[in-house]
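Visitor: need coordinates for the following:
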Amino acid sequence: MACRIKHLKLTENEIQRQIVQGLTALGYVVLVTSRRVKRCRTCGNWQRGDDGATKGIPDLMVWRNGWDGWYGLEVKSPTGKVRPEQADLVHRGTPVVIVRSWEEALAATEEHAEAVMG
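Guide: Here you go, the predicted model:
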C-alpha cells in the first residue's frame, strides 16, 4: 500500500510565527499586534477582546532602519477571511498587505523596501 502524505495546512499562528522569525533574522523590527485569546479572571472561560487592540489593525507592524514609517502585514491562513475593518485599511491606501504565507510576506516586504529605499 502506498504511503499517503497529507498536505500540512499551517494555522494563522504558525504562519505568523514563521514570518516574525524570518523577518527578524533579516534585520527587520517586527511588532506583533494580533489580538490574544485570554482567560477571564472571573469565570475562567477563554475569550477575545478587551485587550486594547483596535479592530482591523494589522497582525504585524514591520520597520527597518531608513524607513520613515511602519508597514503592516495582515496574516491569514490559506482559507482565512478578511474582515471588513481589515479590507478598509487596505482600500484606504494604508501601507498594509494581506499575506497567507512566509513567502508572500517576504516578497511583499522586499517590494515595500524597494519602493521606500529606491
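
Visitor: need the phi and psi values for the spatially closest residue to residue 64 that is not a sequence neighbour.
Guide: Distances taken as Cβ to Cβ, 6 or more residues apart in numbering put residue 28 closest to residue 64, at 5.1 Å, once the chain neighbours are dropped. (C-beta placed from N, C-alpha, C; glycine too.) Phi and psi for residue 28, reported as degrees, to the nearest 10, are phi -80, psi 150.

Visitor: quick one: pLDDT of residue 28?
Guide: We have a pLDDT of 97 for residue 28.

Visitor: that one and residue 87: what is the separation?
Guide: In this view, residue 28 and residue 87 are 25 Å apart by Cβ to Cβ, to the nearest Å.

Visitor: so those two - more neighbours on which side?
Guide: Between residue 28 and residue 87, counted using other Cβ atoms under 10 Å, residue 28 has the larger neighbour count: 19 against 15.
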